[in-house]
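Engineer: sequence and predicted structure, then a few things I'm wondering about:
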Amino acid sequence: MTFQVTVTPSGRQFSCDADETVLSAALRAGVILPYGCKNGACGSCKGKVASGTVQHGPHQQRALPEAEEALGMSLFCCARPQSDLTIEAREIVADSDYPVKKMPSRIAKLEKLSHDVMLIALQLPANERLQYRAGQYIEFLLRDGKRRSYSMANAPHLDEHITLHVRHMPGGLFTDQVFTTLKERDILRFEGPQGTFFLREDSEKPIILLASGTGFAPVKALVEHLIHIESKRAISLYWGGRRPADLYMHSLCNEWEKQIPGFSYIPVVSDALPEDAWTGRNGFVHQAVIADHADLSGHQVYACGAPVVIDSAKRDFTAQCQLPADEFYADSFTSEADLAN
């Protein structure tokens, strides 16, 4: 059975089969709704079902608490229609310049950035180029239909390669391979670009960039893009880690602060040990933003990292610092462990 879905306030419509998700049907129809993980963990695709009913597949309770679901909120990435629907969601203008493609790539370089972060540089076939926006991600196509998602860590105008920052998750299907058996010249297949985490260039508002761990990868791409377009916007980068070594490109960020007018870098460490000799900011990274910016009503925030960081930042920035909810853009890095919780 096929149902009709109407998106408000845009008025766009598309058809959705009973056995497919609202998000999948929307993307198939060229209606781009906000999304991130596509598996019910990050909450980026959350919107309201104004009329009609849906049935949700497996998802994280923190991404869609029962109280929100009772009020009509939905995760469109795991919601299947039970009737015609009217949904409330921010629609993102589609751009044919960024088609999603399946492509082979060859590993051009593997470089350890820290004890548990590996840089992978991918070389594309001759005469092929992946058109993407800084901040977006690709999905590696693994055996048995499994996929693993990683954000591009370089802006699209830079380098002949696509670079990624992969954190080792012991026991991880893909990351164990990255840190043990993968080698240069190996072939990896991926699909991309994916996601709606990218710079909104129609604004002149000051920017807060918030990263935890390897959430720095797409943030790095955003900074490089801002440099490329010669943006005059004020930029504050807050990068958090448990230990100083987690800030694996700390020196690059310090260089940006020296070279980019209006750019500030605030590293934050939550669990420094005495032997780290850390003299910088301590605590949770999103709380450092709150301490420095009591009023975020005139800002845009781009946040990327662990789900707990993203969830806490969105909640506290909107509740305590008057950040408009529609000026918080995020990419929540969910692992298989997150999905199992």
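Structural biologist: Nice, thanks for sending it over.

Engineer: can you map out the helices along the chain?
Structural biologist: For the chain, the helices defined by DSSP state H cover 22-28, 66-70, 175-180, 216-228, 250-259, 285-292, 307-320, 336-340.

Engineer: enumerate the positions of the first one that are buried.
Structural biologist: Within helix 22-28, the residues that count as buried by 16 or more other CB atoms under 10 Å are 22, 23, 24, 25, 26, 27. (Glycine included, C-beta is placed from N, CA and C.)

Engineer: spatially nearest residue to residue 32 (excluding sequence neighbours)?
Structural biologist: Using CB to CB, 6 or more residues apart in numbering and skipping the chain neighbours, the partner closest in space to residue 32 is residue 92 (4.3 Å).

Engineer: residue 90 and residue 182: what is the separation?
Structural biologist: Residue 90 sits 38 Å away from residue 182, going by CB to CB, to the nearest Å.

Engineer: out of these two, which sits in the more crowded spot?
Structural biologist: residue 182 (17 against 13; other CB atoms under 10 Å).

Engineer: distance check, that one against residue 125.
Structural biologist: For residue 182, the distance to residue 125 - CB to CB - is 19 Å.

Engineer: for residue 181, same thing?
Structural biologist: From residue 181 to residue 125 the distance is 23 Å (CB to CB).

Engineer: ditto for residue 278
Structural biologist: 45 Å.

Engineer: ok, the closest residue to residue 34 other than its chain neighbours - contacts?
Structural biologist: Of all residues not flanking residue 34 in the chain, residue 196 sits nearest, at 4.8 Å (CB to CB, 6+ apart). Applying CB atoms under 8 Å, 6 or more residues apart in numbering to residue 196 gives the contacts 32, 33, 34, 35, 36, 44, 92.

Engineer: quick one: buried ones out of those residues?
Structural biologist: With burial judged by 16+ other CB under 10 Å, the buried subset of the contacts of residue 196 is 32, 33, 34, 35, 36, 44.

Engineer: so which of these belong to strands?
Structural biologist: Using DSSP state E, no member of the buried ones among the contacts of residue 196 falls in strands.

Engineer: in CSV, list those residues along with distance to residue 203 and pLDDT.
Structural biologist: Shown next, in CSV, are the buried ones among the contacts of residue 196 (distance: CB to CB, whole Å; pLDDT from 0 to 100):
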residue, distance to residue 203, pLDDT
32, 19, 84
33, 20, 85
34, 16, 83
35, 21, 83
36, 21, 77
44, 19, 80
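
Engineer: residue 211: which of those residues is nearest?
Structural biologist: Closest approach to residue 211 among the buried ones among the contacts of residue 196 (CB to CB): residue 36, at 15.0 Å.

Engineer: correct me, but the closest one touches residue 215?
Structural biologist: No - if you go by CB atoms under 8 Å, residue 36 and residue 215 don't touch, sitting 11.9 Å apart.

Engineer: list residues touching both of those two?
Structural biologist: residue 331.

Engineer: ok so, going back, which member of the buried ones among the contacts of residue 196 is positioned nearest residue 107?
Structural biologist: residue 36 (25.5 Å).

Engineer: that closest one: what's it in contact with?
Structural biologist: 42, 43, 44, 45, 195, 196, 197, 330, 331, 332.

Engineer: which ones are touching the fifth one?
Structural biologist: Residues touching residue 195, when contacts are defined by CB under 8 Å, 6+ apart, comprise 35, 36, 135, 136, 137, 151, 331.

Engineer: redo those residues as JSON lines? Include distance to residue 269.
Structural biologist: Listed next are the contacts of residue 195 as JSON lines, based on distance: CB to CB, whole Å:
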{"residue": "35", "distance to residue 269": "32"}
{"residue": "36", "distance to residue 269": "26"}
{"residue": "135", "distance to residue 269": "25"}
{"residue": "136", "distance to residue 269": "28"}
{"residue": "137", "distance to residue 269": "26"}
{"residue": "151", "distance to residue 269": "22"}
{"residue": "331", "distance to residue 269": "22"}
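
Engineer: circling back to that earlier point, now, among the contacts of residue 196, which is nearest to residue 191?
Structural biologist: Of all these, residue 191 sits closest to residue 35, with 14.2 Å by CB to CB.

Engineer: was I right about the closest one contacting residue 77?
Structural biologist: Yes - using CB under 8 Å, residue 35 is in contact with residue 77, at 6.0 Å.

Engineer: which residues are common contacts for these two?
Structural biologist: 23, 45.

Engineer: any idea how far residue 85 is from residue 55?
Structural biologist: In terms of CB to CB, residue 55 sits 12 Å off from residue 85.

Engineer: where are the low-confidence patches of the stretch 101-250 of the chain?
Structural biologist: 159 (pLDDT under 70).

Engineer: in it, which spans are strands?
Structural biologist: Along the stretch 101-250 of the chain, counting by DSSP state E, counting those that start in this stretch, strands occupy 101-114, 117-123, 137-141, 147-151, 161-167, 187-194, 207-212, 235-241.

Engineer: residue 322 is nearest to which of the ones you listed?
Structural biologist: strand 207-212 (13.2 Å).

Engineer: next one: the closest one to chain centre, how far?
Structural biologist: Here strand 207-212 is found 12 Å from its chain centre; the criterion is CA atoms, centre = their mean, to the nearest Å.
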